[in-house]
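K.L.:
Got a predicted structure plus its sequence, pasted below:
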Amino acid sequence: MGFFSSEEIIKIIKNKIGLKEENYQLHRIWEKVSGKSAKHTQVVKVKQGKMWITVESPVYLQELIFKKRELIKEINKHIGKEDIKEIKFTIKNI
């Protein structure tokens, strides 16, 4: 077995844990579009046009619910197509 570049290693790891490149990009886009709320949320899953986000408190949950349509629009603008149709928010269990 030869040497691998760090890019190749990251790709292998992402494939092993099931992190598809488009989902990884959505995590980064979420950080951009959700602004200050990003550090209080986590993208849990992206599947069939839906994003599942856990939120650490009801305060942030309420804020994100009010901004949901705008967030979907911004996410789709960043990815260049209308892939995300719905965002589901839940409060993180502590």
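P.N.:
That came through, no problem.
K.L.:
low-confidence ranges in this structure?
P.N.:
When the per-residue scores of the chain are filtered using pLDDT under 70, the ranges that remain are 1, 14-24, 94.
K.L.:
The same query, at a cut-off of 80, please.
P.N.:
Across the chain, the stretches falling below the confidence threshold (pLDDT under 80) are 1-4, 6-24, 93-94.
K.L.:
Sketch out the strands for it, chain order is fine.
P.N.:
Counting by DSSP state E, one finds strands in the chain at the ranges 41-47, 50-55, 86-91.
K.L.:
How many residues are close by the nearest residue to I29 once chain neighbours are set aside?
P.N.:
The shortest distance from I29 to any non-neighbouring residue, by CB to CB, 6 or more residues apart in numbering, is to H78 (4.6 Å). Backbone N, C-alpha and C define where each C-beta goes, glycine included. Counted with other CB atoms under 10 Å, the neighbours of H78 add up to 15.
K.L.:
same check, this time on V43
P.N.:
That count, for V43 with other CB under 10 Å as the rule, works out to 20.
K.L.:
next one: I10
P.N.:
Other residues near I10 come to 13 when the count uses other CB under 10 Å.
K.L.:
from here on, count from 670
P.N.:
In the new numbering, first residue 670, that becomes I679.
K.L.:
separation between it and K746?
P.N.:
Computed as CB to CB, to the nearest Å, the I679 to K746 distance reads 27 Å.
K.L.:
can you tell me how far the spatially most central residue of the chain sits from H747?
P.N.:
Compute the mean C-alpha point of the chain, and by CA atoms, centre = their mean the closest residue is H696, 3.2 Å away. Going from H696 to H747 by CB to CB gives 12 Å.
K.L.:
got it, and K736?
P.N.:
If you go by CB to CB, the gap between K736 and H747 works out to 15 Å.
K.L.:
How about the residue nearest to the centre of the chain, nearest residue that isn't a chain neighbour?
P.N.:
V712 (4.9 Å).
K.L.:
shouldn't the one you found be in contact with I722?
P.N.:
Yes - with contact defined as CB atoms under 8 Å, V712 reaches I722; the gap is 5.8 Å.
K.L.:
okay, and the common contacts of these two?
P.N.:
With contacts taken as CB atoms under 8 Å, 6 or more residues apart in numbering, V712 and I722 have W699 as neighbours in common.
K.L.:
Sounds good, over and out.
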